[in-house]
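S.K.: build me a structure from this.
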Amino acid sequence: MYKSWAVFVGILIAVMVTCNGFLANYVGDYISLIIIHIVGLATLIPILLFKRAKLPRLRGIPIYLFGAGALGVFMVFSSNICFNFLGVSLTLSLILLGQSITSCIIDHYGLFGMEIKRFQKEKLFGFLLVFTGIIAMLIY
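M.R.: Got it, this is the predicted structure:
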């Protein structure tokens, strides 16, 4: 089930990058970031109210984890810029390549408290396939 959900998330990301990129074309990169995050907050508030969710205490959470918000802003900003020059498919392909490489490093070294999962050389075939696809997109 989670693998199907992950595919659905991939579909959502492709649609999101497209919409964000077009929004940035209309209102500019910085204003689009504000709009995107305000709409995200406005979407989340009714859900939290409906679920009667209580706000958790923030004590004891490692401070670096709060940097994810800044990383999210930088990610949306960067994908908006790449969208204009590369299009959706190449932008997302390169983003996924970067995510795959980084996630293998995080798993291999157990960064951020993750369980260590050593890199297996068989994964190189998958990276080669992705890289070949990106080269094909660049050529054609």
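
S.K.: and Tyr30, how far from Val39?
M.R.: For Tyr30, the distance to Val39 equals 15 Å [C-beta to C-beta, to the nearest Å]. Just so you know, the C-beta spots here come from the backbone N, C-alpha and C atoms, and that holds for glycine as well.

S.K.: which strands or helices does the top helix by length along the chain pack on?
M.R.: When the chain is parsed with DSSP state H, its longest helix is helix 2-27. Where contact means 3 or more C-beta pairs under 8 Å, 6 or more residues apart in numbering; DSSP states H and E, helix 2-27 is packed against helix 29-51, helix 68-86, helix 88-109.

S.K.: would you mind giving these as TSV with mean pLDDT added?
M.R.: Converted to TSV, those look like this (pLDDT from 0 to 100):
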stretch	mean pLDDT
helix 29-51	96
helix 68-86	95
helix 88-109	95
